[in-house]
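1. predicted model follows, preceded by the sequence.
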Amino acid sequence: MSRASSRRRALIGAIVCVAVVGTAQPAVAASTVADAGRRHPAASHSSVHGVEKAVARALASSLARSDWRARVRAATLATEDADLQALTDKAGSLAGKALPASVAGANRRVAALKGLPASTGSLLRVRLGAASMRARLTPDMTPWVAVAASDEHAKTITAYDSRGRGHTVDATHVPAFPLYVLDIDAAKAHKAGLRVLREQLADNGVSTPAPQGAHAADTAGWWATKVTAVEVNDDQEPWFKGAAEMFSLVTGFGQDGKARVDSVDMPYLDYDGTVYYPNQILVNWSNYKYNLADVVMMEDDDGTNYKSLAQALTTALLTVTDQGTYIPLVNAVLSAMPDSWFTDDPDYVESWYTLARNSTGRLNGAAGNGWMTVEPYFVEQF
């Protein structure tokens, strides 16, 4: 049984419910970066990670040109994430003839692999691996370019040098030397992805608005559950992936008696071990038949295909029928997800069972990985 499968079964059962070594950089320790000693096989373009690897190798090779290298250095020092498409387009011939076209094609493939519309635009970004690397990113260095591993538990990541050779970099500690990391604009992809998710769920009938007249007694507004504070212990994001992109799936039975799911973006939840005070509405109780709902918190990663996620949720939830009493839906959601979703794609972070309209105070998550404080909140109509 795989580690991911074991973890999922344990969860469900328990809760029941670049581096850079310029020629003058001998300080790079062999124990930290081991030269792979050979070229890696060509990356597959059938996954987001495969596309990123191909672009990372091309970008690393292009850095042999000092003028283009200086342009990339300036961009990565000026902003946390540099738009690679805009950077190559603006640089013109400095980036070489092939790189701009390769980046444009890669952006289109990434969008398609994530189930996003072509109108999403440029997604590929390049950045320094960590803020601590800034001081050592000097003009005479030719950085390697790394790709964030598809498995956040990986012990190593691969970085490419200007000759296209792959090198192994320790992923468990921030390197003392600078390196670039090629990644996607997680916030942009996440925002577009949640739109796709909501549209797909609505099209499949599992997130339709409550019918007019529901909760007629609350004619001046509707009751909600508001999150006043929240913290996660482990957001599943290692150093090379940067800030997390979190969202929650609220599940219950709609006014029509069918299982429903509502996605709630939590863009402020960037880092684990930090308490956030969002005062965010989590549940709109006018959408639900019963006084109870469940919450599954997840983290979006590069490989997330939002259309596939919506289909998996639809397949799982439409098999659950209203028995005239509330049935927890967390297990149905977790069981529908592939093993990989417990290791990287959208990572499972935490879940809360039987959240009630009158729930107040601190609620610890079922997996022991997070907590939130909530309170009832009445949303008045004008």
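-> Looks like it came in fine. Numbers count the residues shown, from 1 in each chain.
2. please report phi then psi for Leu182.
-> Taking degrees, to the nearest 10, you get phi -90, psi 130 for the backbone angles of Leu182.
3. ok, the one 10 residues further on next?
-> Backbone torsions of Ala192, given as degrees, to the nearest 10, read phi -70, psi -40.
4. give me the neighbour count for it.
-> Taking other C-beta atoms under 10 Å as the neighbour definition, Ala192 ends up with a count of 21. Using the backbone N, CA and C atoms, a C-beta is placed for each residue, glycine as well.
5. where's Gly193, which helix or strand?
-> Using DSSP states H and E, Gly193 sits in helix 186-203.
6. list the pairing partners of whichever strand or helix holds Val181 within its sheet, with orientation.
-> Remark: Val181 resides in strand 180-184, with elements defined by DSSP H and E. As defined by DSSP bridges, the strand partners of strand 180-184 come to strand 124-128 (antiparallel), strand 145-147 (parallel).
7. contacts for the first one, please.
-> Defining contact as C-beta atoms under 8 Å, 6 or more residues apart in numbering, one finds that strand 124-128 is touched by 52, 55, 59, 72, 75-77, 80-85, 87, 103, 106-107, 110, 134, 137, 145, 178-185, 242.
8. please save the CA atoms from it in CSV.
-> Provided in CSV are the C-alpha atoms of strand 124-128 (Å, rounded to 0.1, in the frame of the first residue of the first chain):
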residue,chain,number,x,y,z
LEU,A,124,5.0,30.7,-15.5
ARG,A,125,7.1,32.7,-13.0
VAL,A,126,10.8,32.8,-12.0
ARG,A,127,12.0,33.8,-8.5
LEU,A,128,14.8,33.4,-6.1
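9. C-alpha coordinates for the helix holding Gly193, CSV please?
-> Extracted C-alpha coordinates of helix 186-203, given in CSV (Å, rounded to 0.1, in the frame of the first residue of the first chain):
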residue,chain,number,x,y,z
ALA,A,186,-0.2,30.1,-7.8
ALA,A,187,-2.5,33.0,-6.9
LYS,A,188,-3.5,33.7,-10.5
ALA,A,189,-4.0,30.0,-11.3
HIS,A,190,-5.9,29.5,-8.0
LYS,A,191,-8.3,32.4,-8.6
ALA,A,192,-9.0,31.2,-12.2
GLY,A,193,-9.3,27.6,-10.9
LEU,A,194,-11.9,28.4,-8.3
ARG,A,195,-14.0,30.1,-11.0
VAL,A,196,-13.8,26.9,-13.1
LEU,A,197,-14.6,24.8,-10.0
ARG,A,198,-17.7,26.8,-9.1
GLU,A,199,-18.9,26.8,-12.7
GLN,A,200,-18.4,23.1,-13.1
LEU,A,201,-20.1,22.3,-9.8
ALA,A,202,-23.0,24.5,-10.7
ASP,A,203,-23.3,22.9,-14.1
